[in-house]
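> Here is a sequence with its predicted model. Questions after.
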Amino acid sequence: MKKLKICTVCGNGLGSSLVIEINVQRVIDENNLNADVEHKNLNSYTQENDYDIVICGSDLADQITVVYGHKLTLTNLIDFDEVNEKILSVLQNIKEK
């Protein structure tokens, strides 16, 4: 499988998206995934990108459009288990295609 590109997005790109990025990096490390993760603020995120997975909180879900990848919406931004479950679910869907 190719190296996945994952982006976490929040309003300012400092707090929430960084916390999500840390949890995503933990998922990557614990599952030996071939992936890179970065965080952005809402204004610097554009739908014309090559991210495989875009992750945001439910407060921004309506403002983020994902054209080519998968959008994951989190209800609890600091819940590692939610991040882990949703990323692994998307990866399973990608493998099945």
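Here it is on my side, so go on. What you see is a predicted model, and the numbers here were worked out from it, not measured in a lab.

> Quick check, pLDDT for S44.
Looking at S44, its pLDDT is 89.

> Ramachandran angles for it?
Torsion angles at S44 (phi, psi; degrees, to the nearest 10) stand at phi -90, psi -10.

> my read: V19 touches I78, true?
Yes - the criterion here is C-beta atoms under 8 Å, and V19 meets it with I78 at 5.7 Å. Every residue, glycine included, has its C-beta placed from N, CA and C.

> okay, the two: which has more neighbours?
More neighbours surround V19 than the other of V19 and I78, with 16 against 12 (other C-beta atoms under 10 Å).

> Could you look up the SS state of the most centrally placed residue in the chain?
The chain has I55 as the residue nearest its centroid, 3.1 Å off, counting by C-alpha atoms, centre = their mean. Put simply, I55 is strand when judged by DSSP: H, G, I helix; E, B strand; the rest coil.

> Touching, it and L74? I think so.
Yes - here I55 lies in contact with L74, judged by C-beta under 8 Å, at a distance of 6.5 Å.

> what touches both of these two?
In terms of C-beta atoms under 8 Å, 6 or more residues apart in numbering, I55 and L74 are both contacted by the residues I20, V83, K86.

> Most neighbours among those residues, which one is it?
I20 (26 neighbours).

> and Q92, what does it touch?
Going by C-beta under 8 Å, 6+ apart, the list of residues near Q92 is empty.
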